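A.B. asks: Compute the structure for the input listed below.
(2 chains)
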2 protein chains.
Amino acid sequence: MLEPALDLYGEAAERVEAVLIDLLAQSRARYALVVDRQGFVLLHQRAPWAPKPPSLDSLATLIASNHSANVAIAQLFGESAFRETVQVGDGVGTYVEALGDRALLVAVFDETAPLGKVKLFTKRAVARIRDVLADVREAPPELVFGAAFSDDAGALLDDLFDDRNRP
Amino acid sequence: MLEPALDLYGEAAERVEAVLIDLLAQSRARYALVVDRQGFVLLHQRAPWAPKPPSLDSLATLIASNHSANVAIAQLFGESAFRETVQVGDGVGTYVEALGDRALLVAVFDETAPLGKVKLFTKRAVARIRDVLADVREAPPELVFGAAFSDDAGALLDDLFDDRNRP
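C.D. replies: Numbering: from 1, shown residues only, chains lettered A, B, ... in the order given. Coordinates of the predicted model:
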């Protein structure tokens, strides 16, 4: 079964969403998405001034399959992949950059956003998101039992097993 | 059966090849190709300083299928197609621009060629190739029988049918 390649949840997801919001504010792009290479939308943000986006699921699927074709082209020239892909149309363009081996950062912009700015701030966003992902990998979520929990649990166990409580 | 969408032959092919040679000299790109949207290489040139290229047929097929995916992405945003596509890797990059509805101009460059130059001169090459293609469409090739041919043919026919030659 297909499952997203990257679990972004809790604090990590919030930090990456903040990066996407900054990216939109700085670059004046319309939409920013983190998409995994299987074509799932992991996170997305829409600029307040952007029109209603098309189906982001369709976009993510097409971007991911396009990326696979790009990898095949890069490999013809002995490269593992292209680092960045830019598509420019009359009204809308996309800028896609790899986020490690498993995900892509996609910025969709229109003619009001200069391509140079979109590139610059997307590259900065990629660096910040990589830091967040590195943190996530270093510190997988685990259950932490604090002192208060231990005390409570100890008291409960005492209650259960302590002979003194038996009638 | 699949057949190339564009017949470039004779003088038109020579003129487009000259454009590709100029493009390589001006942009310092490695290879320049005219590819049709079905994935056939119609014309190609290799810069004198470029290493042996990978299979250009494979490259053309991948570029054309990539372009179809790009069209699908552009259509999500209400555009008919993206005008230009840039892929940049660590050592090699590609720049693809539409040549009308039926073909693509592809420039493959390495880190010695500045992207700005590749873009500028590829755009100029596209304009020049469009002019050539417009000429081809306006003046389809036709057989022209010059005065010399007529005279020769007339003499032959006279020989065949002129009673004076009969014994």
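A.B. asks: Quick check: residues of chain A near chain B?
C.D. replies: For chain A, the contact set with chain B under C-beta under 8 Å from any C-beta of the partner chain comprises A:54-55, A:58-59, A:62-63, A:65-66, A:69-70, A:72-74, A:76-79, A:81-94, A:108. C-betas here are computed from N, CA, C, even on glycine.
A.B. asks: please redo it, this time with the cut-off set to 6 Å
C.D. replies: A:54, A:59, A:62, A:65-66, A:69-70, A:72-74, A:76-77, A:79, A:82-89, A:91-92 (C-beta under 6 Å from any C-beta of the partner chain).
A.B. asks: Can you list which of those are found in helices?
C.D. replies: A:59, A:62, A:65-66, A:69-70, A:72-74, A:76 (DSSP state H).
A.B. asks: could those residues go into CSV alongside pLDDT?
C.D. replies: Putting these into CSV (pLDDT from 0 to 100) gives the following:
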residue, pLDDT
A:Leu59, 95
A:Leu62, 93
A:Ser65, 88
A:Asn66, 90
A:Ala69, 87
A:Asn70, 90
A:Ala72, 92
A:Ile73, 93
A:Ala74, 93
A:Leu76, 93
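A.B. asks: With neighbour count and distance to A:Ala125 as extra columns, can I get the residues you listed in TSV?
C.D. replies: Compiled in TSV, these are given as follows (neighbours: other C-beta atoms under 10 Å in any protein chain shown; distance: C-beta to C-beta, whole Å):
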residue	neighbour count	distance to A:Ala125
A:Leu59	24	18
A:Leu62	22	21
A:Ser65	18	23
A:Asn66	24	20
A:Ala69	19	24
A:Asn70	22	20
A:Ala72	16	27
A:Ile73	24	25
A:Ala74	23	22
A:Leu76	17	29
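A.B. asks: Can you list the low-confidence ranges for chain A?
C.D. replies: For chain A, residues meeting the criterion pLDDT under 70 lie at A:1-7, A:138-167.
A.B. asks: mind checking the SS state of the residue nearest the centre of chain A?
C.D. replies: Chain A has A:Val34 as the residue nearest its centroid, 4.2 Å off, counting by C-alpha atoms, centre = their mean. At A:Val34 the chain is in strand, as set by DSSP: H, G, I helix; E, B strand; the rest coil.
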